[in-house]
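# No letters, just coordinates:
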């Protein structure tokens, strides 16, 4: 068995508001809008973020994005009107910064990520 795609689902209470916010987060409009309650972005080959209308679960997601340059990503987000939290030095050169969507779903940006430590 082989997995061809990974789809991370983010529950939100207002699909239009969330769609606007995630468009600013990703710097581009959604890749697909297969139904009125779902918009999705392909963020890497085989990796998708699905923003789904689910008010009962809204705010419960945590997504981790390993980025190539944490400082540059934070500046890009600020330029799009989104503020990240302070950078936290984790361990072994890994640095973290968080941002939350309007429902409180957390997106953690990871700088210095590598497969092997």
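That came in fine, so what should we check first? Predicted model only: the values in this text are computed from it and were never measured.

# contacting residues around the helix ranked longest in the chain?
Once the chain is assigned using DSSP state H, the helix that runs over the most residues is helix 15-26. Residues outside helix 15-26 that contact it (CB atoms under 8 Å, 6 or more residues apart in numbering) are 10, 12, 29-30, 36-39, 41, 43, 49, 51-53, 77, 80-82, 99, 101-103, 107. Bear in mind the C-beta positions are built from the backbone N, C-alpha and C, glycine included.

# immediately after that helix, which helix or strand?
Using DSSP states H and E, the helix or strand that directly follows helix 15-26 along the chain is strand 32-35.

# What residues of the helix or strand following that next one count as buried?
Scanning forward in sequence from strand 32-35 by DSSP H and E, the next helix or strand is strand 38-44. For strand 38-44, burial by neighbour count (16 or more other CB atoms under 10 Å) applies to 38, 39, 40, 41, 43.

# Among the residues you listed, which pair sits farthest apart?
Maximum pairwise distance in these, criterion CB to CB, is 15.5 Å, between 38 and 43.

# quick one: which helix or strand includes residue 72?
Going by DSSP H and E, residue 72 is in helix 70-79.

# could you give the angle of that helix to helix 15-26?
Angle, helix 70-79 to helix 15-26, by axes from the mean of the first three to the mean of the last three CA atoms, to 10 degrees: 140 degrees.

# Check the offset of helix 70-79 from the chain's centre.
Centroid displacement of helix 70-79 relative to its chain, using CA atoms, centre = their mean, to the nearest Å, is 14 Å.

# ditto for stretch 101-117
Its chain's C-alpha centre and that of stretch 101-117 lie 8 Å apart, by CA atoms, centre = their mean.

# average pLDDT for it?
Here stretch 101-117 scores 95 as its mean pLDDT.

# Now do the buried residues in that stretch.
Buried residues in stretch 101-117 (16+ other CB under 10 Å): 101, 103, 105, 106, 107, 108, 109, 111, 113.

# Also stretch 1-14?
Result for stretch 1-14 [16+ other CB under 10 Å]: buried residues 8, 10, 11, 12, 13.
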